[in-house]
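Engineer: would you be able to build a 3D model of this:
(one chain, ligands or ions: 2)
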Amino acid sequence: VMAGAGAIRLLLLGAPGAGKGTQMGRLLQRFPGLQAVASGDLLRREIAAGSPLGEQAAAHIAAGRLLPDALVSSAILDELARRRWLHGGASWLLDGFPRTVAQAQELDAALERADAALTLVVEVAVPEDVILDRIQKRFVHVPSGRVYNLDYNPPCEAGRDDVTGEPLSRRPDDTPEVFYKRMQEYAATAGPLKEHYARQGILRTVRGPTSDIVFPQLERLVQAQLGT
Ligand code: ATP
Ligand code: MG
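Structural biologist: Ligands and ions are numbered 1, 2, ... in the order given. All right, here's what the predicted structure looks like:
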């Protein structure tokens, strides 16, 4: 399957707290034509809205467990279809889905039916001690998914989103206990998932202790695909 000229369909991989959301935000600023879907953000909005999907998601997320593959796959694939993203001319970014080989196979199949495919999978690799320090200082704006860190990118006004002025919150799954569980889930699923995309020849890795060091590497990979 040929990608449309200059099209990019990117998945960002990485341990919880590796800074995927931060990197996504920077990519969207740097490449204003792009749009992103983050599974965790979508689920947190469903929880906030009290939808049936949100109710199912809440217990899993609170415990640091992955949701059942079928539930997540249908929710995200519905969202991609709703956005008219399932075709070879579309460019977009994904964060947090697919997370397992079963989910990757679902996405591959949906794209293949539309004569399209992912064009790039990038793993954001960050040392574990850096991650553990980071998540204790993380705040999010749930409606937008914007991420703040008290050390690296604090909000202009304490506890408020820069764009909307709405209140920020801690993620309830960022407690040390739940975070440890999420790291274990990642360790169990990441290897086979990376192998899946390595076999397709589209897996790359960017690496470093700060988002400032990681971003230029990611930017170069995206730029190369967009041909700009
Ligand atoms: P971070 O946001 O720090 O990178 P993360 O990748 O663990 O960490 P999210 O992607 O926001 O966090 O996901 C939060 C939770 O939502 C997960 O712990 C899991 O319970 C659920 N979740 C999100 N995406 C999926 C998925 N693709 N499959 C199963 N569960 C998911
Ligand atoms: Mg995230």
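
Engineer: chain neighbours aside, what residue packs nearest to the single nearest residue of the chain relative to ligand 1?
Structural biologist: Here the chain gets closest to ligand 1 at one residue, residue 40, 1.8 Å apart by Cβ to the nearest ligand atom. All C-beta spots, glycine's among them, are computed from the backbone N, C-alpha and C. Nearest residue to residue 40, sequence neighbours excluded (Cβ to Cβ, 6 or more residues apart in numbering): residue 96, at 4.8 Å.

Engineer: list the contacts of the residue of the chain closest to ligand 1.
Structural biologist: 21, 95-96, 145 (Cβ atoms under 8 Å, 6 or more residues apart in numbering).

Engineer: can you check residue 107 too?
Structural biologist: Taking Cβ under 8 Å, 6+ apart, we find residue 107 in contact with 73, 76-77, 97-98, 118.

Engineer: can you mark which positions in the longest helix along the chain are buried?
Structural biologist: The residue-count maximum for a helix in the chain (DSSP state H) belongs to helix 176-199. Within helix 176-199, the residues that count as buried by 16 or more other Cβ atoms under 10 Å are 178-179, 181-183, 185-186, 189-190, 193-194, 196-197.

Engineer: which one of those is nearest to residue 222?
Structural biologist: Lowest distance from residue 222 to these (Cβ to Cβ) belongs to residue 197, with 16.3 Å.

Engineer: residue 207 versus that closest one, what's the distance?
Structural biologist: Residue 197 is 17 Å from residue 207, where distance means Cβ to Cβ, to the nearest Å.

Engineer: ok, residue 44 next?
Structural biologist: When Cβ to Cβ is applied, the distance between residue 44 and residue 207 equals 28 Å.

Engineer: do residue 58 as well
Structural biologist: 34 Å.

Engineer: ditto for residue 196
Structural biologist: Distance of residue 196 to residue 207, computed by Cβ to Cβ: 20 Å.

Engineer: SS state for the closest residue to residue 120 other than its chain neighbours?
Structural biologist: Nearest non-adjacent residue to residue 120, counting by Cβ to Cβ, 6+ apart: residue 10, 4.8 Å away. Counting by DSSP: H, G, I helix; E, B strand; the rest coil, the backbone at residue 10 sits in strand.

Engineer: cool, thanks, signing off.
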